[in-house]
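Asks: Dropping a prediction and its sequence here:
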Amino acid sequence: MSAQSLPSSAGRLPAGVPVGASIDFRSLLDARKNERRPLSLAEAVAVLVPLTRVVAARHSAGEHFYVYPARVLCTADGSATLAEGPGSAPTDPADRACLAPELETGGKPDARASVYALGAMVYEAVTLASVGPGMKRPTEAAPGVHPGVEALVGAALVANPTGRPADLGALADALAALVSGNSAVRRAAHETLSIPVQMDDDIDIAISMAPGAAGGAMPSIPKAAPLPQVGATSAAVAPKRQDATSALSDLKARLEADPRPRYVVSKNFMDHGPFSAVELLQQIGSGLFVLSDSIRDEVAGQTRLISEWPDFAPFAEHAQIHRQVAEEKKAVVALEKKEVNASRTKSFVGVGVAIALLGVGVFFVVQARGTKKQGTDISADQAALDLSGAGGGLKGQDKPKGGGGGGGAGAAGANFPGGLSYEAALNVPEDLSATADAKELSNGQLNGPMSNAAFVSSCGAPNDMKVTVRVAVRGGRAMGVTVTTNPPNGAVASCIDRHVRGLTWAVSAKRNTFTTQY
């Protein structure tokens, strides 16, 4: 089914869209996001109800195809349809958020997957937010929205396809009933969709639709329902995207809104976790987990490489770039030191050659005179030259420096003036009976202050050096620190020790301990 041509009076389309063209639903949503103006429920229904009926007819004919906003074509007369053919999976993160979880693991794009996609499109239309971890209920994200939207969206977004309804006709009727107010239709749709009555705390599992009175006919949506208006402030060109920093900040805030420990990371054939979103982001930021590791979402039942996960790939890429920049800085510093040493060597060689030439000239002058006294003087001069060469001037070698190879393992504590070592701190007795603030800090709280490893590089640790930091924390500060390096380097260990003792943690009267490696 192809989209109809626009009438000449298509004044409701965004400014700059030519008459006779169609607009895809993604462009409409992006334009509204720029205006910070969600679609009203009536506007969303005007597009999605006819679309749902088109999708239902095509699935009934045996077709399998993807449904997402960029494939939906809208016209000024209120009709909406789907582009012909099965299409391909979307690459835009907002469109990918509309795909059912089973499609990420090779499932067929059938009617159940389309129910999920249409529910996600309803949610995005009225809230301007994408479906995913940390999403809010529709009534929280868009105060004042019809409460029935929450029940309908909750039923459509069931992660397990076997528990998700497959009746697209019932979904269209339920959407229409939200606008028409027909309680009989709501009742019929409730029974057809088999939506549980009991509401749940999580939006990504089924939540109920309020039942109405039995009987009554199904309402229909007029074909000429008005297309949602974009407004005079819309740009004539494609809507502007958020800059990278703002997009990352918004994504981080959305992920951190979900406190559930739902993510398990597989690294080197071992599972780590489960982590909440904020804990996982901290581990990715510290470089513990990288793009080639995989994440399993225990709630949605999805497993993907971090590089293929739209919610976490940007943070892993950012952390990788940060590490590359740090390594490049260390390489530049090492190159500068090498060039300085080479310049010094050249200077010493130049001075040595000049002294040698001077000595040869003196030697020939003295030989020409042929006197014993002058010969004695020449011998003295040669001895002076030999002594000069012994100091390294002719060969261009620096005098050996004291201190050996950097000391021992670099243990902190008694070796440093900053405070106790980790081992000594463990021997300090604790009396937790006098305070109620003796909480156990989470892994995220303990590792968070040390997630930025830039200080390791700034302390002069080379790329191939392994650094282990053991910390005992109490009262928001490090009460004991032990730093070891391999190969041993006392200067680097001392520098890292001082940095760690300057960090702050969440305040707890209980002694919490942890170990971090770089």
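Replies: Great, that's in hand.
Asks: Okay, and the beta partners of V471?
Replies: V481, F514 (DSSP bridges).
Asks: so it sits right up against L420, yeah?
Replies: No - with contact defined as Cβ atoms under 8 Å, V471 does not reach L420; the gap is 11.0 Å. All C-beta spots, glycine's among them, are computed from the backbone N, C-alpha and C.
Asks: Of the two, which one has the most company?
Replies: With neighbours defined as other Cβ atoms under 10 Å, V471 and L420 compare such that V471 has more, 26 against 20.
Asks: pLDDT (mean, whole number) over the helix or strand harbouring L73?
Replies: Under the criterion of DSSP states H and E, L73 resides in strand 72-74. Here strand 72-74 scores 86 as its mean pLDDT.
Asks: any idea which helix or strand comes after that strand?
Replies: Next helix or strand after strand 72-74 toward the C-terminus (DSSP H and E): strand 80-82.
Asks: OK, contacts around L255?
Replies: 133-134, 277-278, 281, 311 (Cβ atoms under 8 Å, 6 or more residues apart in numbering).
Asks: What is the most widely separated pair among those?
Replies: V278 and D311 (12.4 Å; Cβ to Cβ).
Asks: Quick one: mark the members of the contacts of L255 that sit in helices.
Replies: Those of the contacts of L255 mapping onto helices are 277-278, 281, per DSSP state H.
Asks: Name the residues contacting each of V471 and L420.
Replies: Any residue near both V471 and L420 by Cβ under 8 Å, 6+ apart counts here, and that gives 480-481.
Asks: quick one: the strand holding L73 to chain centroid distance?
Replies: 32 Å (Cα atoms, centre = their mean, to the nearest Å).
Asks: Quick one: end-to-end distance for stretch 299-319.
Replies: Start-to-end span of stretch 299-319 (Cα to Cα, to the nearest Å) is 26 Å.
Asks: List of residues touching that stretch?
Replies: Contacts of stretch 299-319 (Cβ under 8 Å, 6+ apart): 93, 96-97, 101, 104-105, 132-133, 159-160, 202, 204, 247-248, 251-252, 255, 260, 262, 266, 277, 280-281, 284-287, 289-297.
Asks: What mean pLDDT does that stretch get?
Replies: 82.
Asks: got it, and stretch 420-432?
Replies: 86.
Asks: longest helix in this protein, by residue count?
Replies: helix 313-369.
Asks: any low-confidence regions in the stretch 351-500 of the chain?
Replies: 365-418, 434-436 (pLDDT under 70).
Asks: in stretch 286-298, what's buried?
Replies: 286-291, 293-297 (16 or more other Cβ atoms under 10 Å).
Asks: And that stretch, how far out from the chain middle?
Replies: Worked out by Cα atoms, centre = their mean, stretch 286-298 lies 10 Å from the chain centre.
Asks: And stretch 455-475, by the same measure?
Replies: So, by Cα atoms, centre = their mean, the centroid of stretch 455-475 is 24 Å from its chain's centroid.
Asks: and if you look at stretch 54-73?
Replies: Distance, centroid of stretch 54-73 to centroid of chain: 32 Å (Cα atoms, centre = their mean).
Asks: Give me the buried positions along it.
Replies: Neighbour-count burial for stretch 54-73 [16+ other Cβ under 10 Å]: 54-56, 58-59, 65-73.
Asks: Of these, just say which sits nearest to V122.
Replies: P69 (11.2 Å).
Asks: That closest one against F25, yeah?
Replies: Yes - applying Cβ under 8 Å, one finds P69 in contact with F25, separated by 4.1 Å.
Asks: who touches both of those two?
Replies: With contacts taken as Cβ under 8 Å, 6+ apart, P69 and F25 have M121 as neighbours in common.
Asks: give me phi/psi at V126?
Replies: phi -90, psi -10 (degrees, to the nearest 10).
Asks: since we're on Q302, how many residues are nearby?
Replies: Quick note: Q302 (other Cβ under 10 Å) scores 16 neighbours.
Asks: Dig out what it forms beta bridges with.
Replies: D297.
Asks: Okay, it and E124: tell me how far apart.
Replies: 19 Å (Cβ to Cβ, to the nearest Å).
Asks: And the strands in the protein?
Replies: 23-24, 72-74, 80-82, 263-267, 270-275, 294-297, 302-305, 466-474, 477-486, 512-517 (DSSP state E).
Asks: the inter-axis angle of the fourth one versus strand 270-275?
Replies: Here strand 263-267 runs at an angle of 160 degrees relative to strand 270-275 (axes from the mean of the first three to the mean of the last three Cα atoms, to 10 degrees).
Asks: pull the CA atoms of stretch 419-429 into PDB?
Replies: Provided in PDB are the C-alpha atoms of stretch 419-429 (Å, rounded to 0.1, in the frame of the first residue of the first chain):
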ATOM      1  CA  GLY A 419      49.100   7.500  56.700                       C
ATOM      2  CA  LEU A 420      48.500   3.800  57.400                       C
ATOM      3  CA  SER A 421      49.100   1.000  54.900                       C
ATOM      4  CA  TYR A 422      46.200  -1.200  53.800                       C
ATOM      5  CA  GLU A 423      47.400  -4.000  56.000                       C
ATOM      6  CA  ALA A 424      47.900  -1.800  59.000                       C
ATOM      7  CA  ALA A 425      44.400  -0.400  58.600                       C
ATOM      8  CA  LEU A 426      42.900  -3.900  58.800                       C
ATOM      9  CA  ASN A 427      44.500  -4.300  62.300                       C
ATOM     10  CA  VAL A 428      42.800  -1.100  63.600                       C
ATOM     11  CA  PRO A 429      39.900  -2.300  65.800                       C
END
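Asks: Buried by neighbour count: which residues of it qualify?
Replies: By neighbour count with 16+ other Cβ under 10 Å, stretch 419-429 contains the buried residues 419-422, 424-425.
Asks: what about that stretch, distance to the chain center?
Replies: Chain-centre distance of stretch 419-429: 36 Å, with Cα atoms, centre = their mean.
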